[in-house]
Structure formats: structure tokens, C-alpha cells
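Asks: Just a sequence and a predicted model for now, questions to come.
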Amino acid sequence: MDESNGPKRGNPHWVKGETPPGAKPFPKGQSGNPRGGSHRGRLADLLFRQLSEKVDGDPKERTAAELVVRAIIKEAMKGNVRAMEICLERVDGKMPLPVNVMTREEAAECLAEMLGVDPKELLE
């Protein structure tokens, strides 16, 4: 395809070993996020504030977080497996996933079986 046709790609002012003008809009040492944290942090703060508030109309004046935890425990007691997992993970931590490690020879045998070749060919 002729280079004169179609869209141009890349920076036409790029010279190897040099940074083109405008490529780095922030001076060295200045943050690329001058307004601060991410939206995720602000949403987490908002959620924390909402969960910390007392629920209107609750006779025991419990917080939203207390009622959420109580609801999860009730679901776990009813047999909801996901609710049980949430409770156990919060108390005991997540179970680590097992990692299977193969020797080089075992990996060659497995791959050779999939490819239909002799494992010795792969080990050469």
C-alpha cells in the first residue's frame, strides 16, 4: 500500500533518541494526576460514610454496616453458599489456590500428547 494513501500513524516529528514536543505534558517530578486520588478512592469513601450512618427507623439504632453483616449471616444460615464464603473469608482469610509445578519432562510429555509428537523432540 502506498504511504501517501490512508491514515497516518505515529508522530511525524519523532526523532530516535529525542522526546518530541508535547510528548510529556508534565514536568519531571510533577504528578500526572494533579487533582489527587482515583474515583475508586472517592467511591470507597462515600460507601464507608454511608455504611457508618445509623439507619433511620431502626429501633436498636444500628448502622447500615451492622445491618448488612446481619443480613449476610442470616443468608449463610439459610444455606446460601456465597454468603458462607463471604463470612469465612472475612474471619479466616481466603484459601490459597494450589499451584501445580511440572518438571521439564512432564511439561514436554503433556505438550507432546497435545501436539501428537514424540516428547524427546521437544526436549532437544
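Replies: Cool, got the structure.
Asks: This structure: helices as residue ranges?
Replies: With DSSP state H as the criterion, the chain has helices at 39-52, 64-78, 81-92, 104-115, 119-123.
Asks: Switch those over to TSV; also include mean pLDDT and mean neighbour count.
Replies: C-beta coordinates here come from the backbone N, C-alpha and C atoms, glycine included. Below are the helices of the chain laid out as TSV (pLDDT from 0 to 100; neighbours: other C-beta atoms under 10 Å):
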stretch	mean pLDDT	mean neighbour count
helix 39-52	86	10
helix 64-78	96	14
helix 81-92	93	12
helix 104-115	90	13
helix 119-123	86	13
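Asks: Now find how far off-centre stretch 103-120 is within its chain.
Replies: Relative to its chain's centre, stretch 103-120 lies at 33 Å (C-alpha atoms, centre = their mean, to the nearest Å).
Asks: neighbouring contacts of that stretch?
Replies: 102, 121, 122, 123 (C-beta atoms under 8 Å, 6 or more residues apart in numbering).
Asks: Go again with 10 Å.
Replies: If you take C-beta atoms under 10 Å, 6 or more residues apart in numbering as the criterion, stretch 103-120 is touched by 100, 101, 102, 121, 122, 123, 124.
Asks: what's the closest of those to residue 23?
Replies: Nearest to residue 23 among these: residue 101, at 43.3 Å, using C-beta to C-beta.
Asks: so how far is residue 56 from the closest one?
Replies: 55 Å (C-beta to C-beta, to the nearest Å).
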